[in-house]
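Colleague: Here is my input, please return the structure:
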Amino acid sequence: MRITILALDGLFDTGLAVMRDAFGLAHRFAAREMGGTPRFDVSVVGVRRRVRSGQGMPIPVAAITPDMKPDWVIVPALGTAMPAELIPALARSDVRLATAQLRTWHAGGVSIGASCIGTFIMAEAGLLDGREATTTWWLAPLFRQRYPGVLLDESRMLVPTDVGVTAGAAMGHLDLALWLIRKASPELASVVSRYLLADIRTSQAPYIIPNHLAQADPLILRFEKWARDHLKDGFSLKDAASALATSARTLQRRCEAVLGKSPLSYFQDLRVERAQSLLHGSGLDLDAIAAEVGYVDGATLRTLLRERLGRGVRDLRANLR
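Modeller: Modelled structure (predicted):
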């Protein structure tokens, strides 16, 4: 498998390093323990001759040539964690050159992958329009605003499409690398994940902090405060809208636009977050925790936690010890 990593100035150092380490391990293990196949030929290229990482480290890059025919091109994240940094970074000349090159590669049948903020560059190139995608969870509101034609689901860790694949936040670079290794050999991916103490994760949901998402919009931030104050009372869209001096329709529309979900679904997120906190530190039994977040019994809460987090109460408590 020929993999080309497209390096841009200010990229996220860990993202680049963890992918190169994962592919390097896979290449060595395949050669030493699995009869020499499959091979992972990894190169790093740049649209400029000199590239520095977000930590200021020089990154040796090869020039992009017309005869370059990788199987996959991967775009690591830029080291710009907040919208105020990211928006101007996306307007840089090297990013514009990169998006044009991605379109050229895609037109030539090359698969494109990106993780974390690298997914913004895929979207800038128009490669995600009309397709499902994921991105770094805390920038999901900005992603929705900037690319309304993309079917975003930031709760997912990996989203394959006909174009390639998008992966989630920060260490999603490792999930992306393991996913590609698994496409070549599930056995090899298992060996690499054991050496790195890592498995492919299917969801970002357990890592999402609802308050960070709410801060993208003043109305949503006020709704979040109202919701936290009324977790015990249960959810009423009419009561929430009235308390916020807006209409139910406006609140519904703003939640969908900013968060990609209904007010009730976001209220449920806050219930899950609060329940996890109480499971960790309160010593309360499940029924008492359920009462704290507005349920009459623990069975309903147990179902919600498993639906949202993919794990039962016993596993959650074990992981929090």
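
Colleague: residue ranges with poor pLDDT in the stretch 1-150 of the chain?
Modeller: For the stretch 1-150 of the chain, the stretches flagged by pLDDT under 70 are 33-38.

Colleague: what about T4, distance to L264?
Modeller: Counting by Cβ to Cβ, to the nearest Å, the gap from T4 to L264 is 44 Å. All C-beta spots, glycine's among them, are computed from the backbone N, C-alpha and C.

Colleague: These two: which has the busier surroundings?
Modeller: Counted by other Cβ atoms under 10 Å, T4 and L264 do not tie: T4 has more neighbours, with 21 against 15.

Colleague: so the more buried one bridges to which residues?
Modeller: S43, V73 (DSSP bridges).

Colleague: what's the residue closest to the geometric middle of this protein?
Modeller: Centroid-nearest residue in the chain, with Cα atoms, centre = their mean: G168, separated by 1.9 Å.

Colleague: so who does it touch?
Modeller: By Cβ atoms under 8 Å, 6 or more residues apart in numbering, the contact set of G168 is S115, C116, T134, T135, T136, W137, E154, R156, M157, L158, D175, Q204.

Colleague: Quickly note the distance from it to S155.
Modeller: Distance from G168 to S155, by Cβ to Cβ: 9 Å.

Colleague: Now do the shared contacts for these two.
Modeller: Counting by Cβ under 8 Å, 6+ apart, the residues touching both G168 and S155 are T134, W137, Q204.

Colleague: what's the closest of these to A184?
Modeller: Nearest to A184 among the shared contacts of G168 and S155 is T134, at 22.1 Å by Cβ to Cβ.

Colleague: Against L151, how distant is that closest one?
Modeller: Distance, T134 to L151, using Cβ to Cβ: 10 Å.

Colleague: more neighbours, those two?
Modeller: Between T134 and L151, counted using other Cβ under 10 Å, the more crowded position is T134 (28 against 14).

Colleague: Give me the buried stretch members for the longest helix that the chain contains, please.
Modeller: Determined from DSSP state H, the single longest helix within the chain is helix 13-33. Neighbour counts over helix 13-33 (16 or more other Cβ atoms under 10 Å) mark 13-16, 18-20, 22-23, 25-27, 29-30 as buried.

Colleague: Contacts for it next, please.
Modeller: By Cβ under 8 Å, 6+ apart, helix 13-33 touches 3, 5, 7, 36-40, 42, 44, 53-55, 57, 59, 74, 76-77, 79, 115-116, 118, 170-171, 173-174, 176-178, 180-181, 184-185, 188-189, 191-192, 195-196.

Colleague: What about D67, how many residues nearby?
Modeller: A count of nearby residues for D67, using other Cβ under 10 Å, gives 4.

Colleague: For it, which residues are in contact?
Modeller: No contacts exist for D67 under Cβ under 8 Å, 6+ apart.

Colleague: Could you pull out the helices in the stretch 201-321 of the chain for me?
Modeller: 210-214, 218-229, 237-243, 248-259, 263-281, 286-292, 298-309, 313-320 (DSSP state H, counting those that start in this stretch).

Colleague: quick one, the fifth one and helix 248-259 angle?
Modeller: In this structure, helix 263-281 runs at an angle of 60 degrees to helix 248-259, with axes from the mean of the first three to the mean of the last three Cα atoms, to 10 degrees as the basis.
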